[in-house]
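Chemist: turn this into a structure:
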Amino acid sequence: MFNSALTVIMQIPLQTPVFKAELMSKMYHPVTYFYGRFISNYLFDVTAPLLMFFTAFYALGANTEPQNVLQCVGVTMLMGILGNAVGYVCALLFDDHVNARNFLVMILILWICNMGVLVNIDTNAFTRFAQYLSPPRFASEIMLKSLTNGKHISIVYEGQVIYDLQVGEVFASSLKYNFGISNCFSALGCWSLFYVLSATCVIWFRNWKFI
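Modeler: Below is the predicted model:
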C-alpha cells in the first residue's frame, strides 16, 4: 500500500504542468482525468503486491482452498486501491511531493499504531475506537486468519493427540481480531471507497474554475 501511495505522490508534481495546460484547453474534465490516471496506476501498481503475495503464500504453506486464496487476493487488491486513493489525496492536497509524503507518513503512523494489540487490549473506549479508523487493521485480520487457516498446534502423548488448537485462533484471540472476515472486507471496501471519493472531491475543488 505504501509503495502504491508513494508512486502516485512522486508522479503528480511531474504531471501537473501538462495537466493544467490540457485542462485550460478544455481537453477533458478533471474528474475524468483522475479516474483514468487512477485506473492505469492501479493496474500497474497492483502487480508487485500480487507477486509478493503469491510468493509468500506458497512459501508459508498456506491453505490453498479456492476461498482462502480468493480472500488473500481480494484483500491485496483492495489495499492496492486504498494505497492509490490515499496517495492521490495526499498529492492533490499539497503542491509539492515533500509535504505530501510527510502527510502520508503521518497517516501511516496513525494507522499502524491503531492496527495491533495496543488498541485491541482492554484500554479506554477512545483508544479501542481508534482501530476502526485504521484500514490496515481490517486487512491484517483477514491475512492473519487466511494464512494460518488449517494450521494446528498439537501435543501428542503416547500416540494420542491430547491437545489441538488452531494457530490462527491463538493469534486472533490474543490480538482481539474478532470482527470476522466478511465484516473486515466490508469495512475495508468502505474505507477504500471513502478515499477514492475524497480524492475525487479534492481534484474537482482545486480545478473547478477550469471546468
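Chemist: any idea which element the most centrally placed residue in the chain lies in?
Modeler: Centrality entry for the chain: nearest residue to the mean C-alpha point is residue 79, 2.8 Å, by CA atoms, centre = their mean. Secondary structure from DSSP states H and E places residue 79 in helix 66-93.
Chemist: now the following helix or strand past that helix: how far from the chain's centre is it?
Modeler: Using DSSP H and E, the helix or strand that directly follows helix 66-93 along the chain is helix 97-113. Centroid separation for helix 97-113 versus its chain: 14 Å, with CA atoms, centre = their mean, to the nearest Å.
Chemist: equivalent analysis for stretch 70-84, please.
Modeler: Distance, centroid of stretch 70-84 to centroid of chain: 6 Å (CA atoms, centre = their mean).
Chemist: stretch 200-211 now?
Modeler: 25 Å.
Chemist: and stretch 172-185, by the same measure?
Modeler: Worked out by CA atoms, centre = their mean, stretch 172-185 lies 16 Å from the chain centre.
Chemist: ends of it, what's the gap?
Modeler: Terminal residues of stretch 172-185 lie 16 Å apart, using CA to CA, to the nearest Å.
Chemist: now that stretch: buried residues?
Modeler: 172, 175-177, 179, 181, 184-185 (16 or more other CB atoms under 10 Å). C-beta here means a position set from N, CA and C on the backbone, and glycine is covered the same way.
Chemist: swap in stretch 49-68?
Modeler: For stretch 49-68, by 16+ other CB under 10 Å, it's 49, 53, 57, 62-63, 68.
Chemist: how much space between residue 133 and residue 73?
Modeler: Separation of residue 133 from residue 73 (CB to CB, to the nearest Å): 25 Å.
Chemist: now residue 27, what's its secondary structure?
Modeler: Of the three states, residue 27 takes coil according to DSSP: H, G, I helix; E, B strand; the rest coil.
Chemist: residues contacting stretch 37-51, please?
Modeler: Contact with stretch 37-51 is made by 1, 3-4, 7-8, 11, 15, 73, 76-77, 79-81, 83-85, 88, 196, 199, as judged by CB atoms under 8 Å, 6 or more residues apart in numbering.
Chemist: now with 7 Å?
Modeler: 3-4, 7-8, 76-77, 80-81, 84, 88 (CB atoms under 7 Å, 6 or more residues apart in numbering).
Chemist: strands of the chain, residue ranges please.
Modeler: 152-157, 160-166 (DSSP state E).
Chemist: so for the first one, what's the average pLDDT?
Modeler: It stands for strand 152-157. The pLDDT scores in strand 152-157 average 57.
Chemist: quick one, which of residue 133 and residue 73 is more surrounded?
Modeler: More neighbours surround residue 73 than the other of residue 133 and residue 73, with 16 against 13 (other CB atoms under 10 Å).
Chemist: what's that one in contact with, if anything?
Modeler: Contacts of residue 73 by CB under 7 Å, 6+ apart: none found.
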